[in-house]
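*Asks:* here is a sequence with its predicted model. Questions after.
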Amino acid sequence: MTNKSGITPSGNRIVIQPDEVEQVTDGGIIIPATEAEKRQGAQSIGTLIAVGPDAWTHTTEFVYRIEAGQKKLFEVRTKGYSEDFAKVGERVAFAKFGGLPVIGADGEQYRIMNDEDLTCRVSDEVSFTDLNSRKRVGSK
């Protein structure tokens, strides 16, 4: 996948192209933009377009304590990722209003955000805008 946005992220930033919110039902009914946004919920799905050079890295934190006058290693914590979380071209979920919205060189909408702002990877079959996915279990 080529990056036509003209945006090259730095550090741990990533660029996502959000999916369009469904505007027409399967039955052909046109949904007003405000109602379509309500259907989207708190999450958005998009395609990962570009990844900064420091994205998906992790840091190791060493915690020491003083015991009997000696500095001793107490705990080792790893923060971040041990491997790439998502690859360019994959679909990912993120907070609906997360990141910095920008218009790319190609005129399309993009979001620039930190790598840690992703909530999950999603397959093509997943939709956060479908009303059926928001029904409670057991309701009709």
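*Replies:* Yep, that arrived.

*Asks:* going forward, measure contacts between C-alpha atoms and count neighbours the same way
*Replies:* Fine.

*Asks:* quick check: closest non-adjacent residue to residue 64.
*Replies:* Once flanking residues are discounted, residue 64 sits nearest to residue 73: 4.5 Å by C-alpha to C-alpha, 6 or more residues apart in numbering.

*Asks:* any low-confidence regions in the protein?
*Replies:* Across the chain, the ranges flagged by pLDDT under 70 are 21-42, 127-140.

*Asks:* which residues of it fall in helices?
*Replies:* With DSSP state H as the criterion, the chain has helices at 33-40.

*Asks:* sorry, back to before: these two touch, right, the residue nearest to residue 64 and residue 63?
*Replies:* Yes - counting by C-alpha atoms under 8 Å, residue 73 touches residue 63, with 6.1 Å between them.

*Asks:* give me the neighbour count for the residue nearest to residue 123 when sequence neighbours are not counted.
*Replies:* Nearest non-adjacent residue to residue 123, counting by C-alpha to C-alpha, 6+ apart: residue 91, 6.7 Å away. Number of residues near residue 91 (other C-alpha atoms under 10 Å) recorded here: 22.

*Asks:* if I look at residue 91, how far off is residue 125?
*Replies:* Using C-alpha to C-alpha, to the nearest Å, residue 91 is found at 10 Å from residue 125.

*Asks:* right, I'll call it a day here.
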